Structure formats: C-alpha cells, structure tokens
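# I'll drop the sequence and a predicted model, then ask my questions.
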Amino acid sequence: MTITKEPQWKKILITNKTLLFISLGLFLSFFLIFVTLNNEQLITIFPALTVETVDNIKKFLIAFTTLGLIFNVLYSISSWLCTKDEYLHYKMQFIMLNIIGLNLINLTFNCVVYLYYRHEIKWQINDQSFWKQIKIKLGFWKWQTFDYVLIALFASFTIALGYIESYFLPNLPFGGGLALKYIPLIIIAFLHSSLAGWITGAISALMSLLFIQAGYIISPWSYLLDYFLPMTTPALAGLMRFAVKKDKNYITYANYFILCITIFLIIYLWQVIGGYFIWTTAFPDSVWPGYSNWLYSLIYNFIHLFIFTYPLSQVVIPLSLRALAPIFWERYLNSSY
C-alpha cells in the first residue's frame with residue numbers, strides 16, 4: 001500500500017485522538033448534569049414538564065449518556081492503540097464504533113479522511129472481487145444439498161433452544177428472558193451467508209408458533225416485532241463477516257463486539273417498538289407506576305436483552321466462530337463458488 005508522507009499521517013492520527021476528547025467530554029458533562037440535578041431543578045429549567053415526565057426523561061438520559069460513554073471509551077482505546085495501517089485497514093470498524101457511540105465529531109473526521117485519501121486505501125469498490133465478495137456474503141451462488149441440510153440443522157437448533165427458553169428457563173412476566181435462539185442464527189449467517197441466516201430465522205420464527213405460550217402473541221404485529229423481525233435480524237452477520245483470526249489483538253475482540261452489539265441493538269429496537277405500540281397499549285396496567293410507556297418498554301426490553309441474553313451471546317459466539325469459521329470456510333465455502 002502506497003501511503004502519504006509519514007508526518008502527515010501522524011498529524012491525522014493525533015487529530016483523531018484529540019477530537020475524541022470532545023465527544024467524551026460532552027457525554028461525561030451531560031451524564032454528570034443529569035445525575036447531580038434533582039427533579040425540582042430540572043423543572044425550573046423545563047417548566048412545561050411535570051414531575052413524572054421529568055423523572056422519566058432523567059432516567060432515560062442517564063442510561064443514554066452511560067451507553068454513549070462506554071462506546072466512546074472503547075473507541076478511545078482503539079484509537080490510541082492503533083497504528084497507521086490498522087487505522088486504514090479497519091476503517092469500517094472505527095466508523096461503526098462512531099455510529100454506535102453517536103460520536104459525530106470523529107465520525108465526520110474519519111469519513112473525510114477516508115474519502116480524501118481513498119486512492120491510498122483498498123476500497124476495491126470498482127473491483128470485480130469486491131462485488132464477488134458481496135454476493136458471497138449475501139449468499140448468491142449455486143447452492144448444493146449441503147446448504148439446505150445446514151439450514152435445516154441450524155433451524156432445528158434454534159427451534160430447540162426456543163422451546164427450552166419458553167418452558168424450562170425463567171421468563172419475565174410479559175415474556176422475555178434468557179434468549180438462546182439468537183446464537184445459532186448469528187453463527188450460520190456469519191459462517192454461510194445472510195440469505196442462509198434469514199431463511200433459518202424465518203423458518204424458526206414460523207415453527208415457533210407451534211409452542212409459543214398463550215398470551216405472548218396478541219396480534220400479528222406483536223408476532224412480527226417480537227419474533228419474526230428479531231429472528232431474521234441476525235442475517236446481518238453475513239454482511240458483517242470479517243477474517244477470523246486466533247490472535248489476541250484488540251481489533252479482533254472489537255470485531256466480535258461490533259458484530260454482536262449491532263445485531264442486538266437492532267433486535268432491541270424492534271422489541272422496544274413492539275412494547276410501546278402494542279404491549280403497553282393492550283396492557284396499560286402492566287406499566288410500572290411513575291414510568292411512561294416509552295421508558296417502561298426501553299427498560300423492560302433492556303433487561304431482557306442486555307442483562308440476560310447479550311452477555312452470554314458475547315462469550316459463546318466468538319468462541320464458536322473461532323472454532324468453526326476457519327474449518328468451514330476452508331473445507332466448504334472455498335470450493336463452492
């Protein structure tokens with residue numbers, strides 16, 4: 001790779017590291033403001049709001065700024081540890097961390113740098129190999145019998161795990177708990193393709209209608225937002241596929257983190273929408289006293305996904321991919337297209 005003069009890149013990397021303090025400072029400042037100010041002080045600032053509304057908004061903003069701080073700290077560590085070549089090679093990882101952490105300052109800076117120096121970066125947009133890789137990740141090649149057997153195998157795993165979590169694991173009062181079914185869906189989408197992941201998720205979601213407990217589906221929309229869309233969302237893992245290495249480089253761990261957190265954030269979005277528009281409307285008495293419908297849905301689904309499900313998935317999925325991906329890709333995918 002032909003690179004611009006070293007002093008110029010040093011300035012770029014230093015600027016990137018300097019700008020991240022602005023985003024960190026903003027999130028930390030707002031976090032401290034929301035933590036230290038009481039409801040009465042906030043009402044004096046926003047007199048149009050009621051005490052209950054201010055309390056709900058305060059809780060949401062504290063959680064929001066906390067997550068922003070976590071993601072921006074992760075980006076800060078990655079930025080300070082990365083070399084010039086890593087900054088160029090792992091451009092999508094840095095951009096994804098900026099987006100997830102709502103770090104608009106570094107996001108804008110990185111996009112400008114990557115676009116301005118695109119002639120020095122292996123974009124390969126116009127290269128046929130780039131589009132071939134996209135088709136492979138999507139699953140657009142001639143499938144064989146093994147492909148369909150693999151989908152059936154992972155669908156059976158998903159259905160079995162869905163049955164176990166419905167009848168043998170503790171659940172929250174209105175559904176949700178330790179959701180194991182997303183693990184095999186992410187694995188097959190990453191190993192095989194997005195299309196295989198989507199088909200597996202769709203089959204599993206439809207078959208789950210046979211054993212979902214009564215009362216957990218109250219309308220077609222609740223099924224769509226609580227089951228079908230969340231179970232087909234892991235198909236995105238196919239598009240997010242990266243080279244699986246067995247090293248202990250921090251970028252490797254960041255890749256797994258970005259993969260899992262992105263998918264679970266989208267699943268979280270579907271279920272929050274379903275909780276607000278369907279469940280709190282159908283069962284208004286289920287909303288905790290002093291909580292708005294939005295805040296209730298945000299917290300309830302956060303407990304379900306990020307307290308119970310996500311930590312286990314973040315451990316199991318990297319271990320599974322590190323064990324399966326190199327063997328699967330070498331023995332099967334390389335000879336299939």
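Perfect, thanks for sending it. Numbers count the residues shown, from 1 in each chain.

# per-residue confidence at the most far-flung residue of the chain relative to its centre?
Distance from the C-alpha centroid of the chain peaks at T44, with 37.4 Å (Cα atoms, centre = their mean). pLDDT, T44: 79.

# quick one: contacts for it?
Going by Cβ atoms under 8 Å, 6 or more residues apart in numbering, T44 touches no other residue. From N, CA and C alone the C-beta is placed, and that goes for glycine too.

# Correct me if wrong, but it is in a strand.
No: per DSSP: H, G, I helix; E, B strand; the rest coil, T44 lies outside any strand segment and is helix.

# For the chain, which segments are assigned as strands?
In the chain, no strands are defined using DSSP state E.

# so where is it shaky, pLDDT-wise?
1-7, 49, 52, 118-130, 333-337 (pLDDT under 70).

# per the record, what domains does it have?
The record's domain parsing of the chain by automatic domain parsing lists 6-120, 128-335.

# Could you say which of those is packed most deeply?
domain 128-335 (a mean of 17; mean count of other Cβ atoms under 10 Å).

# Can you give the distance of that domain from its chain's centre?
Centre-to-centre, domain 128-335 and its host chain are 10 Å apart (Cα atoms, centre = their mean, to the nearest Å).

# got it, and stretch 68-84?
How far stretch 68-84 lies from its chain's middle: 17 Å, per Cα atoms, centre = their mean.

# same question, stretch 32-44
31 Å.

# distance between the ends of that stretch?
18 Å (Cα to Cα, to the nearest Å).

# Quickly note the distance from the most centrally placed residue in the chain to F71.
In the chain, the residue lying closest to the centroid (Cα atoms, centre = their mean) is T262, at 1.4 Å. Taking Cβ to Cβ, to the nearest Å as the measure, T262 and F71 are separated by 11 Å.

# okay, and the common contacts of the two?
Contacts common to T262 and F71, judged by Cβ under 8 Å, 6+ apart, are I100.

# Would you enumerate the residues in contact with the residue nearest to the centre of the chain?
With Cβ under 8 Å, 6+ apart, T262 has these contacts: 96, 100, 236, 240.

# nearest spatial neighbour of the second one, skipping sequence neighbours?
Leaving out its chain neighbours, the residue that sits closest to I100 by Cβ to Cβ, 6 or more residues apart in numbering is F71, at 5.1 Å.

# G101 is in contact with that neighbour, correct?
Yes: under the criterion of Cβ atoms under 8 Å, F71 makes contact with G101 at 3.2 Å.
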